[in-house]
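>>> Below are the sequence and a predicted model for it; my questions follow.
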Amino acid sequence: MAGGLAALLDDIAAIARAAAASVDDIAAAAAKASTKAVGVVVDDAAVTPRYVQGFTADRELPVIWRIAKGSIINKIVFILPVILLLNWLLPWALTPLLMCGGLYLSYEGAEKIWEAVSGHSKSKEAPALVKGADYENTMVKGAITTDFILSAEIMVISLNEVADLGFWLKAGSLVVVALAITALVYGVVALIVKMDDVGLKLAAKENTRRLGEGLVKAMPIVLKVLSTVGIAAMLWVGGHILLVGMNDLGFHPIYEFVHHLEVLAANAAGGFVGWLVNTFFSAIIGLAIGAVAVVVMHLLPFGKKKHDDAEHPKAHEIKVEPSGAATPETEKR
């Protein structure tokens, strides 16, 4: 009896060790998978706060939670099964799919630069919307749509890093990546969005007034810096994806040129400088290809018409603030 119990305990211990090893393997695979997606994560965190503008303070966190839930559904329910199926049936399709995402990121980064230079910012042209359920649903829907594209890119990049693993280990690691990255992105977004409210509360107390005032004054600068970092991340990540994709598809000259300069810089000044060289040229490639896409979408007649139709929905779909009514932004202030 004692021997049977000891054997049972040994079996349980073996199962526990195997489970722990599987958890460790999934954690290690998830860490590897998420490393290359960091640039898109920065972009996601930089883009999302603009969808929470115009809400009263009590609705900001619920809106972020709604977007976060939509992001998890995007990643796990829609994107993950599709990319796993593609990886099984058409593994060669991952590189073109990645490059489509890289093109989109490059276009978005170049478009933001074009808007800044030309003065045609979408945020300035957008009509005011009525505060309430319609306004909130519109903003949440827009945020989840944008998140879907960025989430698809994150998941495909992550899958590309663990494509050689077994199915269940691969699936488990991608679920961990999806949950961890969503928590990271929307946790940071919540912190950014509520920081000015924290500053106002601190400023109302005598012993923390200077700290609170400093936070309130710093937030516009933080948001501006974050926006700039987001643009740079889009160009860098998008350009790097396109650079590696071209090489994988058989066009080697540009990749070999950049890699040669990266190796020279790394040998002369260290690996970090080599990485900076690669990042710089990746961003240049992203900007160049993105600029071509911007010309097609904004300046050529067929692209401009289609783009304008997408940016300006039918009049009955937009609810304009009545004359003299307070906008959500002014109510919050």
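Looks like it arrived, so ask away.

>>> Could you look up the next helix or strand downstream of the helix or strand where G212 lies?
According to DSSP states H and E, G212 maps onto helix 209-248. Later in the chain than helix 209-248, the nearest helix or strand by DSSP H and E is helix 253-269.

>>> Give me the distance from that following helix to the chain's centre.
28 Å (CA atoms, centre = their mean, to the nearest Å).

>>> Show the secondary-structure elements that that helix is packed against.
helix 209-248, helix 271-294 (3 or more CB pairs under 8 Å, 6 or more residues apart in numbering; DSSP states H and E). (C-beta placed from N, C-alpha, C; glycine too.)

>>> buried stuff in that helix?
Neighbour-count burial for helix 253-269, counted by 16 or more other CB atoms under 10 Å, picks out 255, 258-259, 262, 265-266.

>>> For those, give me a markdown table that also has distance to M234 and pLDDT.
Below are the buried residues of helix 253-269 laid out as a markdown table (distance: CB to CB, whole Å; pLDDT from 0 to 100):
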| residue | distance to M234 | pLDDT |
| --- | --- | --- |
| Y255 | 20 | 92 |
| V258 | 18 | 92 |
| H259 | 22 | 92 |
| E262 | 21 | 91 |
| A265 | 23 | 92 |
| A266 | 25 | 91 |
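
>>> and the helix holding G212, what other elements does it pack with?
helix 38-47, helix 94-118, helix 167-203, helix 253-269, helix 271-294.

>>> Mind doing that once more with 6 Å?
Judged by 3 or more CB pairs under 6 Å, 6 or more residues apart in numbering; DSSP states H and E, the packing partners of helix 209-248 are helix 38-47, helix 94-118, helix 167-203, helix 271-294.

>>> how far is the second one from where the chain is centred?
Taking the mean C-alpha point of helix 94-118 and that of its whole chain, the gap between them comes to 13 Å (CA atoms, centre = their mean).

>>> Then the longest one?
Here the centre of mass of C-alpha atoms in helix 167-203, compared against the chain's by CA atoms, centre = their mean, lies 11 Å away.

>>> Please work out the average pLDDT along it.
Mean per-residue pLDDT for helix 167-203: 86.

>>> quick one: that helix to helix 209-248, angle?
150 degrees (axes from the mean of the first three to the mean of the last three CA atoms, to 10 degrees).

>>> Helix 167-203: which residues count as buried?
169-178, 181-182, 185-186, 188-190, 192-193, 195-196, 199, 202-203.

>>> Just give me the neighbour total for L90.
11 (other CB atoms under 10 Å).

>>> brain fart, E136
Using other CB under 10 Å, E136 has 18 neighbouring residues.

>>> Look up how far T145 lies from it.
15 Å (CB to CB, to the nearest Å).

>>> Also L184?
Counting by CB to CB - L184 and T145 are separated by 21 Å.

>>> which residues of the stretch 51-200 of the chain score low on pLDDT?
51, 53, 120-132 (pLDDT under 70).

>>> what's the helix or strand harbouring P62 packed up against?
Per DSSP H and E: P62 is located in helix 57-72. With contacts defined as 3+ CB pairs under 6 Å, 6+ apart, helix 57-72 has these neighbours: helix 133-161, helix 167-203.

>>> who touches V258 in this structure?
V258 makes contacts with F281, as judged by CB atoms under 6 Å, 6 or more residues apart in numbering.

>>> For it, give its distance to M155.
For V258, the distance to M155 - CB to CB - is 26 Å.

>>> same thing with A204?
Counting by CB to CB, the gap between A204 and M155 amounts to 43 Å.

>>> now swap in V189 and tell me
Plainly put, V189 is 19 Å away from M155 if you go by CB to CB.

>>> How about L85?
13 Å.

>>> So for the two, which sits in the more crowded spot?
More neighbours surround M155 than the other of L85 and M155, with 27 against 10 (other CB under 10 Å).

>>> Fine by me, thanks again.
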